[in-house]
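**Student:** Got a sequence here, can you build the structure:
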Amino acid sequence: MNILIVCIVIANVVISQGNVEEAGRTNSEIQERSLLIFDHQECRYLGYKMKNGEVKELTDPCVKWTCLANQTQLLVQGC
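**Tutor:** As a prediction, this is how the structure comes out:
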């Protein structure tokens with residue numbers, strides 16, 4: 001029973017922290033940090049736009065993103 005209470009408290013703290021981080025941001029600023037898929041043809045994430053199948057390679061941190069809009073996914077691979 002005590003473990004369940006601790007888990008609930010931790011979950012509430014994590015959710016509250018997320019709400020605090022979003023406080024003061026506009027909806028477009030919040031959406032920019034979220035993966036958005038348009039018409040199964042385009043991915044938008046962190047200010048980047050990619051067409052379905054397009055690959056974006058970043059250096060810091062070293063990651064490769066593959067837009068899989070037709071599957072409503074963004075594949076993220078480390079280098």
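**Student:** Could you tell me which ranges of this structure sit under the pLDDT cut-off?
**Tutor:** 1-22, 27-29, 31-32 (pLDDT under 70).
**Student:** just the strands in it please.
**Tutor:** With DSSP state E, the ranges of strands along the chain come out as 36-38, 42-45, 48-51, 55-59, 62-68, 73-78.
**Student:** Quick one: list the elements packing against the first one.
**Tutor:** Meaning strand 36-38. strand 42-45 (3 or more Cβ pairs under 8 Å, 6 or more residues apart in numbering; DSSP states H and E). Using the backbone N, CA and C atoms, a C-beta is placed for each residue, glycine as well.
**Student:** Contacts for the strand it packs on next, please.
**Tutor:** Residues outside strand 42-45 that contact it (Cβ atoms under 8 Å, 6 or more residues apart in numbering): 32, 34-38, 49-52, 54, 65, 67-69, 74.
**Student:** Any of these buried? List them.
**Tutor:** Among the contacts of strand 42-45, those classed as buried by 16 or more other Cβ atoms under 10 Å are Leu35, Ile37, Met50, Asn52, Trp65, Cys67, Leu68, Ala69, Leu74.
**Student:** Met50 versus the fifth one, what's the distance?
**Tutor:** To tie it back to what came earlier, the one meant is Trp65. To Met50, Trp65 is 7 Å away according to Cβ to Cβ, to the nearest Å.
**Student:** Pop the domain breakdown of the protein in here.
**Tutor:** Structural domains assigned to the chain are 1-32, 35-79, following automatic domain parsing.
**Student:** End to end on the longest one, go ahead and measure it.
**Tutor:** Okay, so that is domain 35-79. Taking Cα to Cα, to the nearest Å, the first and last residues of domain 35-79 lie 21 Å apart.
**Student:** Spell out which residues are contacts of both of Trp65 and Met50.
**Tutor:** Cys43, Lys56.
**Student:** Just send the buried ones among the contacts of strand 42-45 back as JSON lines, with distance to Thr26 too.
**Tutor:** Putting these into JSON lines (distance: Cβ to Cβ, whole Å) gives the following:
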{"residue": "Leu35", "distance to Thr26": "18"}
{"residue": "Ile37", "distance to Thr26": "21"}
{"residue": "Met50", "distance to Thr26": "23"}
{"residue": "Asn52", "distance to Thr26": "28"}
{"residue": "Trp65", "distance to Thr26": "24"}
{"residue": "Cys67", "distance to Thr26": "25"}
{"residue": "Leu68", "distance to Thr26": "28"}
{"residue": "Ala69", "distance to Thr26": "25"}
{"residue": "Leu74", "distance to Thr26": "23"}
